[in-house]
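[1] I'd like to go over a predicted model; first the sequence, then the structure.
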Amino acid sequence: GMNFINDTIQSLTNMRQRQLAHQIINLGLIVTSALMIWKSLMVVTNSESPVVVVLSGSMEPAFQRGDILFLWLGNSSFRVGEIVVFKIEGRDIPIVHRVIKVHEKHDGAVDVLTKGDNNDVDDRGLYAPDQRWLNKKHIIGRAVGYLPYVGMVTIIMNDYPYLKYALIGLLGVFVLTSRE
């Protein structure tokens with residue numbers, strides 16, 4: 001009878017390993033498809049990052065911290081009042097602010113000045129030293145739509161990094177233990 005028990009244990013272990021392999025493949029597929037969606041959004045919206053999370057309160061009440069913005073760069077000229085997302089050289093995090101001045105030059109180049117709705121002064125203090133204006137190359141996209149509060153997850157993870165690891169751990173456990 002000993003053989004029967006050994007065989008049973010053996011086949012159980014094989015099943016477990018097969019399921020584990022299956023879960024890992026699933027996890028891989030989820031991650032891959034998320035990346036593919038991201039990449040295709042980049043192509044479709046012609047924007048380096050098609051989605052950004054509002055991290056500061058400088059644009060309240062138009063946008064709150066944690067709102068997710070969908071960006072579209074497009075080729076039309078920038079208008080005063082538009083909300084754009086721009087990146088300053090030497091800074092990692094893009095800024096979401098409103099256009100308050102636009103200077104179009106004869107050669108087609110554009111100077112743009114931005115400001116946060118909630119800030120008292122324009123953004124010249126945020127730009128790189130000696131930089132007075134934003135140009136097209138600094139602007140990642142303009143906000144064309146938003147989802148309120150969804151990005152709160154991102155902010156919470158930024159503010160409390162250990163939560164990020166807890167969440168990733170939980171997701172891992174969830175994916176590994178969920179049965180088909």
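    Received, thanks. Numbers count the residues shown, from 1 in each chain.
[2] contacts for stretch 122-137?
    Residues outside stretch 122-137 that contact it (Cβ atoms under 8 Å, 6 or more residues apart in numbering): 84, 86, 88-90, 95, 97, 100, 103, 109-116. To be clear about C-beta, it is placed using only N, CA and C from the backbone, and glycine gets the same treatment.
[3] Can you flag the buried ones in those residues?
    Val84, Phe86, Ile88, Ile95, His97, Val110, Val112, Leu113, Thr114, Lys115, Gly116 (16 or more other Cβ atoms under 10 Å).
[4] Next, the first one: phi, psi?
    As for Val84, its main-chain torsions (degrees, to the nearest 10) stand at phi -120, psi 160.
[5] quick one, what contacts the residue nearest the centre of the chain?
    Residue closest to the mean C-alpha point of the chain, counted by Cα atoms, centre = their mean, is Val52 at 4.4 Å. Contact partners of Val52, counting by Cβ under 8 Å, 6+ apart, are Ile68, Leu69, Leu71, Val85, Pro94, Val96, Ile140.
[6] Note down every partner strand of the helix or strand encompassing it and its orientation.
    If you go by DSSP states H and E, Val52 is part of strand 51-53. Using DSSP bridges, the strands paired with strand 51-53 are strand 68-72 (antiparallel).
[7] Would you verify that Arg98 is located in a strand?
    Yes: assessed with DSSP: H, G, I helix; E, B strand; the rest coil, Arg98 lies in a strand.
[8] you'd agree it is up against Met59?
    Yes: with contact defined as Cβ atoms under 8 Å, Arg98 reaches Met59; the gap is 7.2 Å.
[9] For these two, indicate the residue with more neighbours.
    Met59 (23 against 19; other Cβ atoms under 10 Å).
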